[in-house]
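Asker: Model the following, please.
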Amino acid sequence: MVRRTCIFFISLFMIAENVAVSQDTVTVPLHVRAGFDISGPVMKLVTKELISYGIAASADINSSIAATAGLRYSSYHSSDVLYDFMSRGLSFTAGTDYNFIKANVSQGRHSAGIGLRYGLSFYREETPKLRYTNEWGTGETSVAAESHTGHFLEITPGVRTELFRGVTIGWNLYMRLLLSAGAGKDLKPVWMPGYGPGTSGMTVGAEYYVSISIPYRKIKVYIKPKVRDTEEEEGEATETGSGTGTGLSGFRNPL
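Answerer: Numbering: from 1, shown residues only. Got it, this is the predicted structure:
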């Protein structure tokens, strides 16, 4: 599905390059969208450690920019020889997306661009079992449940297209940059909901959304006409220029 979506958008760009624009304005609809990330339930089938459910909404400001917001619930449990760790919580993101496809090609139905978002993670973590070894021997302790607030930035390139009227599909790659885990300078959570491994300064991944799309108004967008001379016109212009510059007007009629 991802491969077909990529091929579709490459075709759109090729068409946009080959078709001359004969009008200077185009009317496009602006949409509001709400969708569900299906990659979360799929990942639950792959790993039992993580449960993640996400929803997202967006509203077109103009033909290129959309305001976006997202909400995600995550629950993580990890068991190891040295520790048991659990975290769960809600994360929120808000920002904007920019569409690189021109309005006359996108028609309000297709998008290929990049987004920038600010994220907040409200989570609770605990370590019921923690084994340690030091110069006095081996022991076991636990860390009681505590609540924290984490902060991160998210950069997300992606594509979206209309599957059929009112329904869109699309995927986003994301790169998240940790600003603060909220647990102290030397305490990093094994997993921060909405972000990923709190021990890493950057995380990457992908999300796949199916969304409902509703147009709320139409706008006119100015498109600069694209004029292309044919090879014949260029050839005629060259011959005309050559004739005027190298004719016989420089020679005097002897008669």
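Asker: which residues touch the closest residue in space to residue 141 that isn't next to it in sequence?
Answerer: Of all residues not flanking residue 141 in the chain, residue 130 sits nearest, at 5.2 Å (C-beta to C-beta, 6 or more residues apart in numbering). The way it works is simple: take the backbone N, C-alpha and C, and place the C-beta from them, glycine included. Residue 130 makes contact with 82-84, 140-143, according to C-beta atoms under 8 Å, 6 or more residues apart in numbering.
Asker: Let me know the closest of the residues you listed to residue 211.
Answerer: Nearest to residue 211 among those is residue 84, at 37.5 Å by C-beta to C-beta.
Asker: The contacts of residue 130 into CSV, with extra columns for pLDDT and secondary structure?
Answerer: Converted to CSV, these look like this (pLDDT from 0 to 100; DSSP: H, G, I helix; E, B strand; the rest coil):
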residue, pLDDT, secondary structure
82, 75, coil
83, 76, strand
84, 83, strand
140, 74, strand
141, 73, strand
142, 74, strand
143, 76, strand
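Asker: top of the residues you listed by neighbour count?
Answerer: residue 83 (17 neighbours; other C-beta atoms under 10 Å).
Asker: you'd agree it is up against residue 126?
Answerer: No: counting by C-beta atoms under 8 Å, residue 83 sits too far from residue 126 to count as a contact (10.8 Å).
Asker: Spit out the residues that contact these two alike.
Answerer: Counting by C-beta under 8 Å, 6+ apart, no residue touches both residue 83 and residue 126.
Asker: Export the contacts of residue 130 as TSV, with columns for distance to residue 28.
Answerer: What follows is the contacts of residue 130, written out as TSV (distance: C-beta to C-beta, whole Å):
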residue	distance to residue 28
82	57
83	54
84	53
140	63
141	61
142	58
143	54
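Asker: which among those residues gets closest to residue 76?
Answerer: residue 84 (11.7 Å).
Asker: Quick one, grab the pLDDT at the nearest residue to the closest one once chain neighbours are set aside.
Answerer: Take residue 84 and drop its neighbours on the chain: the residue closest to it by C-beta to C-beta, 6+ apart is residue 129, 4.3 Å away. pLDDT, residue 129: 75.
Asker: cool, and the one 4 residues further on?
Answerer: On pLDDT, residue 133 comes in at 73.
Asker: mind listing what it touches?
Answerer: residue 139.
Asker: secondary structure element for it?
Answerer: Using DSSP states H and E, residue 133 maps to strand 110-134.
Asker: what do you get for residue 220?
Answerer: Assigned by DSSP H and E, residue 220 falls within strand 202-222.
Asker: quick one: strands adjacent to that strand?
Answerer: strand 25-37 (antiparallel), strand 167-180 (antiparallel) (DSSP bridges).
Asker: if we can go back for a sec, nearest to residue 210, of the contacts of residue 130?
Answerer: Checking the contacts of residue 130 one by one against residue 210 (C-beta to C-beta), the nearest turns out to be residue 84, at 35.3 Å.
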